[in-house]
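Engineer: could you work out the structure for the sequence below:
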Amino acid sequence: MPADAFVERLNEQIGHEFAAAQQYLAIAVYYDDETLPRLAAFFYAQALEERNHALMMIQYLLDAGAQAPVPGVAGPQNAFGDVVEPVALALAQERRVSDQINALAAIARKEGDYSSEQFMQWFIKEQIEEVASMNDLLKVVTRARENPLLAEEYLAREAPGEEGADPTAPPVAGGPL
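Structural biologist: Below is the predicted model of the structure:
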């Protein structure tokens with residue numbers, strides 16, 4: 001059984017992951033409405049990824065015999081001043097999540113909960129990739145602010161985030177048996 005302090009914070013993190021999924025969905029819809037289909041597709045995929053992170057955490061808690069209540073989340077930001085603002089928001093969100101993930105690993109270590117600490121290692125690696133990807137995208141959309149089709153071209157050419165399934169990823173609750 002994971003340490004109580006870890007379970008409590010992981011349940012909070014599940015809410016953060018679902019909120020991130022909602023925010024990415026709102027960003028995707030914004031870009032869809034702006035007729036920027038590649039930016040929209042990128043953020044639709046990010047929304048699914050964040051949802052799956054929450055479901056990985058739920059599955060871990062269920063496997064460990066802990067409770068995993070599904071939390072409600074606050075509504076996302078839906079209006080943006082320009083095409084750069086959503087990516088800046090996404091980068092800030094990824095940095096915040098990185099801090100939260102690192103804090104979870106630290107709690108597990110402090111509590112001597114080495115199974116939970118090991119579980120968090122995948123998320124630490126994932127957050128490094130997420131921050132780097134969003135940082136690159138922010139640089140691109142900032143340069144392309146006046147012509148967002150250049151950001152679309154970048155996404156078509158570079159296809160960040162399309163590495164395929166990670167075989168080391170934790171299982172997702174409700175996933176294939």
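
Engineer: and the most centrally placed residue in the chain, what's its pLDDT?
Structural biologist: Centroid check for the chain by CA atoms, centre = their mean gives residue 50 as the closest residue, at 3.9 Å. Among the per-residue scores, residue 50 holds a pLDDT of 97.

Engineer: contacts only, for it.
Structural biologist: 17, 18, 20, 21, 24 (CB atoms under 8 Å, 6 or more residues apart in numbering). From N, CA and C alone the C-beta is placed, and that goes for glycine too.

Engineer: residue 151 too?
Structural biologist: 36, 38, 39, 83, 137, 140, 141, 144.

Engineer: looking at those residues, which is nearest residue 7?
Structural biologist: residue 137 (33.9 Å; CB to CB).

Engineer: who's in contact with the closest one?
Structural biologist: 42, 87, 90, 91, 151, 160.

Engineer: now do the contacts for the second one.
Structural biologist: Meaning residue 87. So, once contact is read as CB under 8 Å, 6+ apart, residue 87 ends up touching 27, 134, 137, 138, 141.

Engineer: repeat that for 10 Å
Structural biologist: 27, 31, 39, 42-43, 80, 134-142, 151 (CB atoms under 10 Å, 6 or more residues apart in numbering).

Engineer: which SS class is it?
Structural biologist: The three-state label given to residue 87 by DSSP: H, G, I helix; E, B strand; the rest coil is helix.

Engineer: same check on the first one?
Structural biologist: Per three-state DSSP, the local secondary structure of residue 42 is helix.

Engineer: per-residue confidence at the residue nearest to it when sequence neighbours are not counted?
Structural biologist: Leaving out its chain neighbours, the residue that sits closest to residue 42 by CB to CB, 6 or more residues apart in numbering is residue 155, at 5.9 Å. On pLDDT, residue 155 comes in at 96.

Engineer: residue 155 - how many residues pack around it?
Structural biologist: 21 (other CB atoms under 10 Å).

Engineer: okay, it and residue 81: tell me how far apart.
Structural biologist: 21 Å (CB to CB, to the nearest Å).

Engineer: what does residue 139 give?
Structural biologist: 18 Å.

Engineer: do residue 33 as well
Structural biologist: 14 Å.
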